[in-house]
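Participant: next comes the sequence, and after it the predicted model I'd like to discuss.
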Amino acid sequence: EGFLVFAPEHPLVRDHLTRLSRGEALPAQVRNAADGAAEALYGLGSALMQDTSSDLSEVYLHLALYLRPDFDIARSLLAGAHESRKRWQDAIDAYGKIDRASPLYMNARIQTALALDRLERDTEAVAMLRRLARDKPDRIDPLVAIGDIYRAKENYAEAVIYYERAIALSGTPADRDWTLYYARGICFERLGEWDKAESDLKLALKLSDDHPLVLNYLGYSWIEQHRRLDEALAMIEKAVERRPNDGFIVDSLGWARYRLGEYALAVKYLERAVELQPDDPTINEHLGDALWKVGRRIEARFQWNHALAMNPEEKRVKLLRAKLEYGLEAAESAEREEAAADAVGL
């Protein structure tokens, strides 16, 4: 039971505890010499998983499965190795061989759905997860997975529906539930329902004991709204201390400095953020804005062009083009005038 402190939802541990509570004997981990060899090969494969430059871990896992075809934990690890290399169909094929009676079956089906989504077969993925939710009405995992798929597709209203169903099932908020409130808070923020978003993010912050992701998202949101800037800055600095190599979090710190008018310092952090996360359009746009403010205008236009080439959100495309044509101040002024006109229905 002590293991549950570190992995509260581990399916194998849950299954074993359930069996013990019914007075059942646990299945033997090693039934014969072949099983023992499979265990050893699995251990080697698991140890080598971090080496993404080599397929050696997969070789050991295939050997383990050859010796013990019903070794579902090895098959799950093999599927995970395929996922880490973005071989989504191989992952689907591996998960598909896990027996329906296995404690790992639900996780296999959820991961299969997520892999299908990666292959842009999201309709099929959501349908699979809905069936799983109907079959296991007491489990939140399929609902969360559906919410995650919709959130990734920027269908935030639909995502909220599934996160709310998961939250209703989870009962009184517990520490492990912080990701539910964090995810729903992001959706509310994207939908423009800030009061609900702020409430969820504050609860997620409390439940997660100041997780860097929550510190960053809430702090960044306040900065974007020009609210509670000192508090927001302190939160993001704390997040950077905990995750100094996270480009998105370092970007938030640079953007906070930008909002405070500390443009030279903003450039320092935003250049670092681009080094860490070079393919994000928002971070590149932020760096362009900061470079413009310190007079490095050729470099600023380069960053804006770079951001535009990265398929940014549609609402950013028009502003980036305006920055390139007219400069930062004129583009932002035009954006404010357009927003004011929209607000009064002109």
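Facilitator: Yes, it's here.
Participant: when you work out contacts or count neighbours from here on, use the C-alpha atoms and nothing else.
Facilitator: Noted.
Participant: tell me the pLDDT of the spatially most central residue of the chain.
Facilitator: Averaging the C-alpha coordinates of the chain gives a centre point, and the residue nearest to it by CA atoms, centre = their mean is residue 148 (8.4 Å). pLDDT, residue 148: 97.
Participant: what residues are up against it?
Facilitator: By CA atoms under 8 Å, 6 or more residues apart in numbering, the contact list for residue 148 reads 159, 183.
Participant: is it in a helix, a strand, or coil?
Facilitator: Of the three states, residue 148 takes helix under DSSP: H, G, I helix; E, B strand; the rest coil.
Participant: tell me the spacing between it and residue 270.
Facilitator: From residue 148 over to residue 270 the distance is 28 Å, taken as CA to CA, to the nearest Å.
Participant: kindly report the same for residue 164.
Facilitator: If you go by CA to CA, the gap between residue 164 and residue 270 works out to 36 Å.
Participant: ok, now residue 221?
Facilitator: In this structure, residue 221 and residue 270 are separated by 17 Å, where distance is defined by CA to CA.
Participant: now residue 153
Facilitator: Computed as CA to CA, the residue 153 to residue 270 distance reads 27 Å.
Participant: between these two, which one's more packed in?
Facilitator: When neighbours are counted by other CA atoms under 10 Å, residue 270 comes out ahead of the other of residue 153 and residue 270, with 30 against 12.
Participant: who's in contact with that one?
Facilitator: Residues touching residue 270, when contacts are defined by CA under 8 Å, 6+ apart, comprise 250, 251, 254, 255, 283, 286, 287.
Participant: which residue, other than its chain neighbours, is closest to the last one?
Facilitator: Spatial nearest neighbour of residue 287, excluding adjacent residues (CA to CA, 6 or more residues apart in numbering): residue 270 at 5.4 Å.
Participant: how about the helix or strand that contains that neighbour: buried residues?
Facilitator: Per DSSP states H and E: residue 270 is located in helix 263-276. Of the residues in helix 263-276, those buried by neighbour count under the rule 16 or more other CA atoms under 10 Å are 263, 264, 265, 266, 267, 269, 270, 271, 272, 273, 274, 276.
Participant: please apply the same query to stretch 189-196.
Facilitator: Of all the residues in stretch 189-196, those buried under the rule 16+ other CA under 10 Å are 189, 190, 194.
Participant: one more: stretch 34-46?
Facilitator: By neighbour count, with 16+ other CA under 10 Å as the criterion, the buried positions of stretch 34-46 are 35, 36, 37, 38, 39, 41, 42, 43, 44, 45, 46.
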